[in-house]
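Engineer: model the structure of this input:
(2 chains)
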Number of protein chains: 2
Amino acid sequence: MQIGIVGLGLMGGSLALDLKRHNLGDIIVGYDRNEIHAAKAIELGLVDKLVDFDELKKSDVIFLAIPVEGIIKTLQELKDIAHKTTVIDLGSTKEKIVKSCPSQIRKNFIAAHPMTGTEYSGPQAAIEGLYQDKIVVLCNTEENDELHKKRAEKIFVTIGMHIVYMDAKEHDRHAAYISHLPHAISYALANAVLGQEDPKSILILAAGGFRDMSRLAKSSPAMWSDIFKQNKENLLTSIEDFKKELRHASTLIEEERWEELKKWMEKARKLHEIL
Amino acid sequence: MQIGIVGLGLMGGSLALDLKRHNLGDIIVGYDRNEIHAAKAIELGLVDKLVDFDELKKSDVIFLAIPVEGIIKTLQELKDIAHKTTVIDLGSTKEKIVKSCPSQIRKNFIAAHPMTGTEYSGPQAAIEGLYQDKIVVLCNTEENDELHKKRAEKIFVTIGMHIVYMDAKEHDRHAAYISHLPHAISYALANAVLGQEDPKSILILAAGGFRDMSRLAKSSPAMWSDIFKQNKENLLTSIEDFKKELRHASTLIEEERWEELKKWMEKARKLHEIL
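Structural biologist: A predicted model of the protein is given here:
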């Protein structure tokens, strides 16, 4: 079985490492339109071979590990793949991607979102075990052929993932709160500090808390502006919900309603009983 | 030399462990008005001995490892300590605390803020090495006797800390951005998610990013509402600055100005060149 990976950055590169580690596929071939990334990926031994896009299309399984706008474009170029070829995307949004999938390959196309990653990007960011013990959301699998669904499930389970099934629309609403909003907040926090008179003298005080909160702001702007674009409405709603909470806190502080502030904090703490 | 610690929670308990590890003080005595905490601290071997407050006042060095409002109250009860006794607080705000210090002991009182901690609290949260390689801010030390200043510096350096000197007012402004604002954001994010129809189905998707961003929301509400109270004005200003950034992002998303959004993210990323 030949497995092809489009996009040899953090997600695609780490996937290649895990596929090999678990003996999935006889050969892992890779394609990246960024030639520097492609060269780096082969140098690091992430994939067995670099191929051109036409060669990649002959794979039994094709992973799309590229920004979400790129996924939509690339799906159009996969209309003529073989009936037996499975296509799996790893994008952070799902509704627009699923909708954009050409009808000819809708049964072949598994819409997946692995809930994992790091703030780094590019082939040199690839690490073994990135997918181990993480959640992967599969969306609208009722529209898939059983063959392709089973194949995708087998791969994800073999690399150690836990599968959650969800409607694409629902996924995007949830992902806004759990992932896209936190990214927006992290970028905003970083810019709020950088906007101060002397950010260096503030940042000298940075400890674990601030580092955690600003870590996501290291994430790739190219990738994340695409995600924000595709999940625009849900993200804006989640930002409004968040701003409402922050505004409430501001009011309590402004009006010195400390007991209510404490209760608001206590309420937030309940999150960790669920998490 | 007897070192006394008021407050045997995360900060005080961890400090006791590090003082012992570095052979600082012949005996470490502890006081906690919460009897359960006191009993737990002695059971865990954090301090050598529990003492009453009058006995604690006879220490050569007294650490105040309690919430910031408690520090202000306790300083009033330390007016009659011996001339040679050093008092060091570990509070997250500094201006109001320094101002509240009785003039009789102003020379004895070292206003310190160690930039360390975890989201946990209580004696059972105490860990060795919490202070190692972390920053401690000392404020307005020009108002201290050289003896007390040198003594405090020696202790902090011995337990592995790096000292930064700062004006108390400046400290509070900086601490708002680097620590207090991130806590407010984290509580707000947690409450925004909990306010959704079915938070559980959202939280099942939580990965590293969300966990990092919501970690601070585990912090003690009693402690943090006190901090917010004491640093009210700076915190409100920092929240406004942050909201301005988030509002800007919302506008760019709303108006689909993706290139500008990407630039805004690129700008945020520069934080990590300094950090």
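Engineer: contacts and neighbour counts: CA atoms only from here.
Structural biologist: Fine.
Engineer: tell me which element the spatially most central residue of chain A falls in.
Structural biologist: Computing the C-alpha centroid of chain A and ranking residues by Cα atoms, centre = their mean puts A:S92 first, at 4.0 Å. Assigning secondary structure by DSSP states H and E places A:S92 outside every helix and strand.
Engineer: ok, and the closest non-adjacent residue to it?
Structural biologist: A:H113 (5.7 Å; Cα to Cα, 6 or more residues apart in numbering or on different chains).
Engineer: do A:L75 as well
Structural biologist: Closest residue to A:L75 apart from its sequence neighbours, by Cα to Cα, 6+ apart: A:C101 at 6.1 Å.
Engineer: pull the number of nearby residues for the one you found.
Structural biologist: A:C101 has 22 neighbours, counted by other Cα atoms under 10 Å in any protein chain shown.
Engineer: quick one: the helices in the stretch 151-275 of chain A, in order.
Structural biologist: A:168-175, A:181-194, A:199-203, A:208-215, A:221-230, A:232-254, A:258-269, A:271-274 (DSSP state H, counting those that start in this stretch).
Engineer: flag every buried residue along the shortest one.
Structural biologist: Neighbour counts using 16 or more other Cα atoms under 10 Å in any protein chain shown place A:L271 of helix A:271-274 among the buried residues.
Engineer: and it, what other elements does it pack with?
Structural biologist: Where contact means 3 or more Cα pairs under 8 Å, 6 or more residues apart in numbering or on different chains; DSSP states H and E, helix A:271-274 is packed against helix B:181-194.
Engineer: same deal with the second one?
Structural biologist: The criterion is 3+ Cα pairs under 8 Å, 6+ apart, and the helices and strands that helix A:181-194 contacts are helix A:208-215, helix A:232-254, helix B:208-215, helix B:232-254, helix B:258-269, helix B:271-274.
Engineer: closest one to B:I71 among those helices?
Structural biologist: helix B:232-254 (17.0 Å; Cα to Cα).
Engineer: quick one: contacts of the closest one?
Structural biologist: A:184-185, A:188-189, A:191-192, A:228-229, A:232, A:236, A:239, A:243, A:250, A:253-254, B:172-173, B:176-177, B:180-181, B:228, B:258, B:260-261, B:264 (Cα atoms under 8 Å, 6 or more residues apart in numbering or on different chains).
Engineer: same thing with stretch A:196-214?
Structural biologist: Contacts with stretch A:196-214, where a contact means Cα under 8 Å, 6+ apart, come from A:186-187, A:189-190, A:193, B:115-117, B:134-135, B:174-175, B:177-179, B:182, B:212-213, B:216, B:274-275.
Engineer: send me that stretch as PDB with only the CA atoms.
Structural biologist: Provided in PDB are the C-alpha atoms of stretch A:196-214 (Å, rounded to 0.1, in the frame of the first residue of the first chain):
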ATOM      1  CA  GLN A 196       3.000  49.000  25.500                       C
ATOM      2  CA  GLU A 197       5.700  51.600  25.800                       C
ATOM      3  CA  ASP A 198       8.500  49.200  26.700                       C
ATOM      4  CA  PRO A 199       7.400  45.600  26.200                       C
ATOM      5  CA  LYS A 200      10.900  44.300  27.100                       C
ATOM      6  CA  SER A 201      10.700  45.500  30.700                       C
ATOM      7  CA  ILE A 202       7.300  43.900  31.000                       C
ATOM      8  CA  LEU A 203       8.400  40.600  29.400                       C
ATOM      9  CA  ILE A 204      11.300  40.200  31.700                       C
ATOM     10  CA  LEU A 205       8.700  39.300  34.300                       C
ATOM     11  CA  ALA A 206       7.100  36.600  32.200                       C
ATOM     12  CA  ALA A 207       6.600  33.300  34.000                       C
ATOM     13  CA  GLY A 208       4.800  30.100  33.100                       C
ATOM     14  CA  GLY A 209       1.300  31.500  33.100                       C
ATOM     15  CA  PHE A 210       2.100  34.200  30.500                       C
ATOM     16  CA  ARG A 211       4.200  31.800  28.400                       C
ATOM     17  CA  ASP A 212       1.300  29.400  28.300                       C
ATOM     18  CA  MET A 213      -1.200  32.100  27.400                       C
ATOM     19  CA  SER A 214       1.000  33.500  24.600                       C
END
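Engineer: if you count neighbours, what's buried in that stretch?
Structural biologist: Judged by neighbour count (16+ other Cα under 10 Å), stretch A:196-214 contains these buried residues: A:199, A:202-203, A:205-214.
Engineer: likewise stretch A:5-17?
Structural biologist: Those would be A:5-17, for stretch A:5-17 by 16+ other Cα under 10 Å.
Engineer: which ones among those residues map onto helices?
Structural biologist: Using DSSP state H, the subset of these located in helices is A:L10, A:M11, A:G12, A:G13, A:S14, A:L15, A:A16, A:L17.
Engineer: confidence score at the first one?
Structural biologist: Model confidence at A:L10, expressed as pLDDT, equals 97.
Engineer: the stretch 1-150 of chain A: strands as residue ranges?
Structural biologist: Assigned by DSSP state E, counting those that start in this stretch, the strands in the stretch 1-150 of chain A fall at A:2-6, A:27-31, A:49-50, A:61-64, A:86-89, A:109-114, A:135-139.
Engineer: how about the residues of the stretch 51-200 of chain A by chain B?
Structural biologist: With Cα under 8 Å from any Cα of the partner chain as the criterion, the stretch 51-200 of chain A meets chain B at residues A:115-117, A:134-135, A:174-175, A:177-179, A:182, A:184-185, A:187-194, A:200.
Engineer: give me the buried subset of these.
Structural biologist: Using 16+ other Cα under 10 Å, the buried ones in these are A:115-117, A:134-135, A:174-175, A:177-179, A:182, A:184-185, A:187-194.
Engineer: which stretches of chain A have low pLDDT?
Structural biologist: Judged against pLDDT under 70, chain A has no low-scoring part.
Engineer: domain assignment for it?
Structural biologist: For chain A, automatic domain parsing gives the domain ranges A:2-166, A:171-274.
Engineer: contacting residues around stretch A:259-271?
Structural biologist: Here stretch A:259-271 has contacts from A:249, A:252-253, B:187-188, B:190-191, B:194, B:217-219, B:221-222, B:225, using Cα under 8 Å, 6+ apart.
Engineer: reformat those residues as JSON lines; add distance to B:R151.
Structural biologist: Shown next, in JSON lines, are the contacts of stretch A:259-271 (distance: Cα to Cα, whole Å):
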{"residue": "A:A249", "distance to B:R151": "40"}
{"residue": "A:L252", "distance to B:R151": "40"}
{"residue": "A:I253", "distance to B:R151": "37"}
{"residue": "B:Y187", "distance to B:R151": "37"}
{"residue": "B:A188", "distance to B:R151": "40"}
{"residue": "B:A190", "distance to B:R151": "42"}
{"residue": "B:N191", "distance to B:R151": "44"}
{"residue": "B:L194", "distance to B:R151": "47"}
{"residue": "B:A217", "distance to B:R151": "35"}
{"residue": "B:K218", "distance to B:R151": "34"}
{"residue": "B:S219", "distance to B:R151": "31"}
{"residue": "B:P221", "distance to B:R151": "32"}
{"residue": "B:A222", "distance to B:R151": "31"}
{"residue": "B:S225", "distance to B:R151": "31"}
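Engineer: which of those sits closest to A:A168?
Structural biologist: Nearest to A:A168, judged by Cα to Cα, of those is B:L194 at 21.4 Å.
Engineer: so what's that closest one up against?
Structural biologist: Applying Cα under 8 Å, 6+ apart to B:L194 gives the contacts A:A268, A:L271.
Engineer: try it again with 10 Å
Structural biologist: Residues counted as contacts of B:L194 (Cα atoms under 10 Å, 6 or more residues apart in numbering or on different chains) are A:K267, A:A268, A:R269, A:K270, A:L271, A:I274, B:A188, B:K200, B:I202, B:L203.
Engineer: now swap in A:E170 and tell me
Structural biologist: With Cα under 10 Å, 6+ apart, A:E170 has these contacts: A:K94, A:E95, A:C139, A:A176, B:S201, B:I202.
Engineer: wait, what's in contact with the third one?
Structural biologist: Taking Cα under 10 Å, 6+ apart as the criterion, A:C139 is in contact with A:94-95, A:98, A:110-113, A:164-171.
Engineer: tell me the bridge partners for it.
Structural biologist: A:A111, A:M166 (DSSP bridges).
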